[in-house]
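Undergrad: Sequence isn't available, so here's the structure alone:
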């Protein structure tokens, strides 16, 4: 089991940037697929981005492609989400998650963080 703690959320103006971090402990971080998901008020949680254990493979939701970048540092047991050109529609609680299978389906991710709030003002 992997314990995950997100940080880096906050309030930013539209067009601005934020970098989220997710620190992992326990389990085998370097062999875990890591994903970022988000949940806006009144909406279901949705996939944002994922990255393979080595960091060599990434995948993004169409809504964030070209604006967000997922990366990881296995030496620091940390995964990041750099968010550029933020829009009010990106406002949500962002969660990181660890899994073993290369899919974007939430049910495939076994371990979740508590989430960090990102608010983008217009």
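TA: Ah, there it is. Predicted model, so just to flag it, every value in this text is computed and none were measured. Numbers count the residues shown, from 1 in each chain.
Undergrad: who's in contact with the lowest-mean-pLDDT helix or strand in the chain?
TA: Scoring the helices and strands of the chain by mean pLDDT, DSSP states H and E places strand 109-112 at the bottom, with a mean of 94. Residues outside strand 109-112 that contact it (Cβ atoms under 8 Å, 6 or more residues apart in numbering): 1-4, 27, 33, 35, 37, 95-100. For every residue, glycine as well, the C-beta is placed using N, CA and C.
Undergrad: If we use 6 Å, what do you get?
TA: For strand 109-112, contacts defined as Cβ atoms under 6 Å, 6 or more residues apart in numbering pick out 1-2, 4, 35, 95, 97-99.
Undergrad: With stretch 10-20 instead?
TA: 8, 80-84, 86-88, 94, 119-122.
Undergrad: one more time with 8 Å
TA: Contacts for stretch 10-20 (Cβ under 8 Å, 6+ apart): 6-9, 36, 80-88, 94, 96, 116-122.
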